[in-house]
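[1] next come a sequence and a model predicted from it.
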Amino acid sequence: MNERVTVREVIGDRVLCSCTTSACKSCSGNSFCNIKVREIEALKPAHTPVEAGDTVEIHLPPGKTIFAGFMVMILPLILFGVLYYLTGRILPASGEGLRVLGGLIGIFLGFGASWFYSRATNSRNIPKVVRVLEKPE
């Protein structure tokens, strides 16, 4: 997935970019959305001269994007179901409230696993600057 962004700031080997995504322009719910400008952190290759104000193209492989969505949205739901079921199996006399509590613990474990994965793979999962498209005059 490629995105056209504007570099706001260069910090070492990383750049802080902002964009108004083209997908937002075609969305029918854009008038209700609070996100008008996204901020993205991207890796800057050493051989690419990038300065604040440049328009660049960044790339994040679709597989990583899909997996990140899975980790944030699907894993907690799966763990809810697993712990809801296990609570009922381990404590057969437990009521619905205790099973739901077990499921909620699963959701928190899922979000925790997602957070730890994000921290462990931080520099491998952020977009990379592919090329400079425009320099300001």
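    Looks like it came in fine. Numbers count the residues shown, from 1 in each chain.
[2] my read is residue 129 is in a strand, agree?
    Yes. According to DSSP: H, G, I helix; E, B strand; the rest coil, residue 129 belongs to a strand.
[3] for it, what are its contacts?
    The contact partners of residue 129, by Cβ atoms under 8 Å, 6 or more residues apart in numbering, come to 15, 42, 43, 44, 45, 48, 50, 56, 57, 58. Yep, even glycine has a C-beta here, placed from its N, CA and C like the rest.
[4] report the secondary structure state of the residue lying farthest from the centre of the chain.
    For the chain, the residue at maximal distance from the C-alpha centroid (Cα atoms, centre = their mean) is residue 93, at 40.1 Å. Three-state assignment for residue 93 (three-state DSSP): coil.
[5] mind listing what's buried along the helix ranked longest in the chain?
    Longest among the helix segments of the chain by residue count, using DSSP state H, is helix 96-120. For helix 96-120, a neighbour-count test (16 or more other Cβ atoms under 10 Å) marks 99, 102, 103, 106, 107, 109, 110, 114, 117 as buried.
[6] ok, now stretch 73-88?
    Buried residues in stretch 73-88 (16+ other Cβ under 10 Å): 75, 76, 79, 80, 83, 84, 87, 88.
[7] run a quick neighbour tally on residue 15.
    25 (other Cβ atoms under 10 Å).
[8] centre of the chain to stretch 63-73, how far?
    Relative to the chain's own centre, stretch 63-73 is displaced by 7 Å; criterion: Cα atoms, centre = their mean, to the nearest Å.
[9] not counting its own residues, what contacts that stretch?
    1, 111, 113, 114, 117, 118, 125.
[10] related to what we said a few turns ago, JSON lines for the contacts of residue 129, including pLDDT and secondary structure?
    Converted to JSON lines, the contacts of residue 129 look like this (pLDDT from 0 to 100; DSSP: H, G, I helix; E, B strand; the rest coil):
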{"residue": "15", "pLDDT": "88", "secondary structure": "strand"}
{"residue": "42", "pLDDT": "85", "secondary structure": "strand"}
{"residue": "43", "pLDDT": "84", "secondary structure": "strand"}
{"residue": "44", "pLDDT": "83", "secondary structure": "coil"}
{"residue": "45", "pLDDT": "81", "secondary structure": "coil"}
{"residue": "48", "pLDDT": "78", "secondary structure": "coil"}
{"residue": "50", "pLDDT": "87", "secondary structure": "coil"}
{"residue": "56", "pLDDT": "88", "secondary structure": "strand"}
{"residue": "57", "pLDDT": "88", "secondary structure": "strand"}
{"residue": "58", "pLDDT": "87", "secondary structure": "strand"}
